[in-house]
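Q: Sequence and predicted model, in that order:
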Amino acid sequence: QVQLVESGGGSVQAGGSLRLSCAASGRIFSNYVMGWFRQAPGKEREFVAAIKWRSTITYYPDSVKGRFTISGDYAKNTVSLEMNSLRPEDTAVYYCAVSPTGWGPRDFETWGQGTQVTVSS
């Protein structure tokens, strides 16, 4: 059973940067997809980034493309999210998740506890 623990959230001014990390315990197979999601108060959960484990295959929605970068450290079993040019609308709780089956939001079965990111204007 995979368990995920996020870290690295915090507060930053608009235009700033933050790096989130997600430590995974348990076996992550090469067909797994690791993802980041976020949820702001009163809004639905939003997909942010994903990477196929042990590959360079990534996916980003237009809202973060060019600003966010997802990467994996396979020796440490961690996945990170580098967030640049942050905007107030990026404020949310960010969650790490793993999918053993595919890239769709509903494919992600295991979730971390979340880490708060706050961007002030």
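A: That came in fine, so what should we check first?
Q: Glu82 - nearest residue in space that isn't next to it in sequence?
A: Leaving out its chain neighbours, the residue that sits closest to Glu82 by C-beta to C-beta, 6 or more residues apart in numbering is Thr69, at 4.4 Å. C-beta here means a position set from N, CA and C on the backbone, and glycine is covered the same way.
Q: Then Thr118?
A: Distances taken as C-beta to C-beta, 6+ apart put Ser11 closest to Thr118, at 4.4 Å, once the chain neighbours are dropped.
Q: Check the gap between that neighbour and Asp90 for me.
A: Remark: distance between Ser11 and Asp90 (C-beta to C-beta, to the nearest Å) = 12 Å.
Q: what about the residue nearest to Gln116 when sequence neighbours are not counted, neighbour count?
A: Counting by C-beta to C-beta, 6+ apart, Gln116 lies nearest to Gly9, which is 4.8 Å off, once chain neighbours are set aside. Neighbourhood size, Gly9 [other C-beta atoms under 10 Å]: 18.
Q: For Gly9, list the residues it contacts.
A: Residues in contact with Gly9 (C-beta atoms under 8 Å, 6 or more residues apart in numbering) are 18, 20, 94, 115-117.
Q: And the strands in this protein?
A: Taking DSSP state E as the test, the strands found in the chain are 3-7, 10-13, 18-25, 33-39, 46-52, 58-59, 68-73, 78-83, 92-99, 110-111, 115-120.
Q: Please name the residues that touch the residue most central in space within the chain.
A: Centroid check for the chain by C-alpha atoms, centre = their mean gives Trp36 as the closest residue, at 2.3 Å. Each residue near Trp36 by C-beta under 8 Å, 6+ apart is listed here: 20, 22, 48-50, 68, 70, 79, 81, 94-97.
Q: Nice, that's everything, thank you.
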